[in-house]
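J.: please work out how this folds:
(3 chains)
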Amino acid sequence: MAQNPAYEMIWQVVAAIPVGKVATYGQVAELAGVPGAARLVGRCLSQLPEGSRLPWFRVINASGRISLPVGSEGYHRQVKLLQEEGVAVLNGKIRLADFRW
DNA sequence: CGGGTGACTATAA
DNA sequence: TTTATAGCCACCC
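T.: Presented below is the predicted three-dimensional model:
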C-alpha cells in the first residue's frame, strides 16, 4: 500500500494508541516524525481498507471532535467503537480525560 | 515546476 | 460558539 515511510510511521503510531484513549491528528503526525502534517494523517486514514485492524477510530481532531461528517456511516461507527472502549462521547465531543495529553 | 486536494490547525472576528 | 482565513504537508496530476 504505502511505500512511503511516513505512512508506515503513521500506522505504527496509530496502532500504539492505548485502548480507551484517543489522540489528535496533529499529535499522531508529530509522533510519526512529520510534525505539521496532520492533513497527511487524515489522508492516510481515509485510504485505509475497511477490514484494517488499525484503530483509526482513536484518532480525532484538535477540537476533540470526530472529523467525519456528522451522520455519516463512518462517524457512527467511530462513536460506537469508542464508546465500546469506554471513551465518553458527549455531544460529539470526546471527554478531555480520554486524551493522551 | 505549477496547481488542486484533504478524516488538520491556530487565530481572528 | 460559529464562521473565515491562512498556513501546513505530502500526494497526484
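
J.: can you pull the residues of chain A lying near DNA strand B?
T.: A:24-27, A:38-43, A:45-46, A:48, A:56-57, A:59, A:61-63, A:67-68, A:74, A:78 (Cβ under 7 Å from any atom of the strand). C-beta coordinates here come from the backbone N, C-alpha and C atoms, glycine included.

J.: can you flag the buried ones in these?
T.: A:24-27, A:38, A:40-42, A:45, A:56-57, A:59, A:67-68, A:74, A:78 (16 or more other Cβ atoms under 10 Å).

J.: closest to DNA strand C out of the residues you listed?
T.: Distance to DNA strand C across these (Cβ to the nearest atom of the strand) is lowest for residue A:40, with 4.5 Å.

J.: for the spatially most central residue of chain A, list each beta-bridge partner.
T.: Per Cα atoms, centre = their mean, the C-alpha nearest to the average position across chain A is that of residue A:59, at 1.5 Å. For residue A:59, the beta-bridge partners are residue A:23 (DSSP bridges).

J.: is it true that it touches residue A:22?
T.: Yes - using Cβ atoms under 8 Å as the test, residue A:59 is close enough to residue A:22 to be in contact (6.9 Å).

J.: DNA strand C contacts on chain A?
T.: A:4, A:6, A:7, A:34, A:36, A:37, A:38, A:39, A:40, A:43.

J.: tell me, how many residues neighbour residue A:75?
T.: 16 (other Cβ atoms under 10 Å).

J.: do the one 5 residues further on as well
T.: Under the neighbour criterion other Cβ under 10 Å, residue A:80 is assigned a count of 11.

J.: next: residue A:31.
T.: Count around residue A:31 with other Cβ under 10 Å applied: 18.

J.: skipping adjacent residues, who's closest to residue A:39 in space?
T.: Once flanking residues are discounted, residue A:39 sits nearest to residue A:25: 7.6 Å by Cβ to Cβ, 6 or more residues apart in numbering.

J.: for residue A:49, see how far away that neighbour is.
T.: 20 Å (Cβ to Cβ, to the nearest Å).

J.: again with residue A:39
T.: Residue A:39 is 20 Å from residue A:49, by Cβ to Cβ.
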